[in-house]
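Visitor: just coords:
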């Protein structure tokens with residue numbers, strides 16, 4: 001069992017190192033470092049001092065789309081429906097169609113959960129202070145291995161969630177991909193506007209959600 005887990009971890013690391021994912025990951029990390037050193041603080045301070053320029057009320061509504069709980073509950077309900085309903089003698093003829101839908105719902109759930117686990121691990125390891133501490137305590141930087149998730153900022157969980165969901169839906173329904181990803185961009189922007197996250201938190205959260213969904217398509221969905 002331990003050998004299998006170890007092999008899977010090294011296999012995933014091997015995938016991430018190969019182009020184009022390895023190159024993109026390197027560029028994303030580089031951009032996050034640059035944002036953290038040069039831009040993040042100034043952006044948040046500007047928004048904090050000039051809230052009248054931003055549609056705060058609108059973004060408070062938009063940001064709720066990044067809450068993982070609602071997406072997971074909806075997908076889990078639909079998955080259970082697809083699994084158990086075909087057992088009815090009246091709906092058995094829809095078995096194949098519902099089985100196909102169940103695979104899609106599993107893919108969406110996995111995209112959200114796997115990227116969420118990685119997001120929490122990174123959050124704990126880096127322990128970056130949330131923007132609110134910049135104004136209340138004048139804290140800006142990292143507090144590594146901080147297990148108080150509510151205090152940690154990098155990466156953005158709402159952004160990771162909505163980009164994983166949106167990329168998953170784009171893979172399943174490419175015709176509406178632009179709409180899905182536009183919604184994801186608005187949610188990511190809302191996290192900055194509401195001073196919940198720094199821009200670099202949002203950039204890495206978006207990368208995490210997108211790359212996880214793409215990898216799961218290749219190594220899970222395409223093999224079903």
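Guide: Cool, got the structure. Note that this is a predicted model, so its numbers are computed, not measured.
Visitor: give the buried residues for stretch 100-114.
Guide: 101-102, 104-114 (16 or more other Cβ atoms under 10 Å). Placement of C-beta: from N, CA and C, glycine included.
Visitor: swap that for stretch 209-224, please
Guide: Result for stretch 209-224 [16+ other Cβ under 10 Å]: buried residues 209, 210, 211, 212, 213, 214, 215, 216, 217, 221.
Visitor: excluding chain neighbours, what is closest to residue 78?
Guide: Nearest non-adjacent residue to residue 78, counting by Cβ to Cβ, 6 or more residues apart in numbering: residue 105, 5.1 Å away.
Visitor: how about residue 31?
Guide: Residue 31 sits nearest to residue 203 (Cβ to Cβ, 6+ apart), 6.1 Å away.
Visitor: what packs against the one helix or strand the one you found maps to?
Guide: Residue 203 is part of helix 199-219, with elements assigned from DSSP states H and E. Contact analysis of helix 199-219 by 3 or more Cβ pairs under 8 Å, 6 or more residues apart in numbering; DSSP states H and E lists helix 2-17, helix 21-38, helix 40-49, helix 95-126, helix 157-172, helix 177-193 as its packing neighbours.
Visitor: and the angle from it to helix 40-49?
Guide: 110 degrees (axes from the mean of the first three to the mean of the last three Cα atoms, to 10 degrees).
Visitor: and the residue nearest to residue 31, what does it touch?
Guide: 28, 31, 32, 35 (Cβ atoms under 8 Å, 6 or more residues apart in numbering).
Visitor: so residue 106 makes contact with residue 79?
Guide: Yes - counting by Cβ atoms under 8 Å, residue 106 touches residue 79, with 6.4 Å between them.
Visitor: just to revisit the earlier point, could the helices and strands packed on helix 199-219 go into a markdown table alongside distance to residue 150 and mean pLDDT?
Guide: Formatted as a markdown table, the helices and strands packed on helix 199-219 follow (distance: least, Cβ to Cβ, whole Å; pLDDT from 0 to 100):
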| stretch | distance to residue 150 | mean pLDDT |
| --- | --- | --- |
| helix 2-17 | 28 | 52 |
| helix 21-38 | 20 | 89 |
| helix 40-49 | 18 | 95 |
| helix 95-126 | 10 | 88 |
| helix 157-172 | 11 | 95 |
| helix 177-193 | 15 | 96 |
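Visitor: any chance of the ones you listed in TSV, plus distance to residue 133?
Guide: Converted to TSV, the helices and strands packed on helix 199-219 look like this (distance: least, Cβ to Cβ, whole Å):
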stretch	distance to residue 133
helix 2-17	31
helix 21-38	15
helix 40-49	11
helix 95-126	14
helix 157-172	17
helix 177-193	16
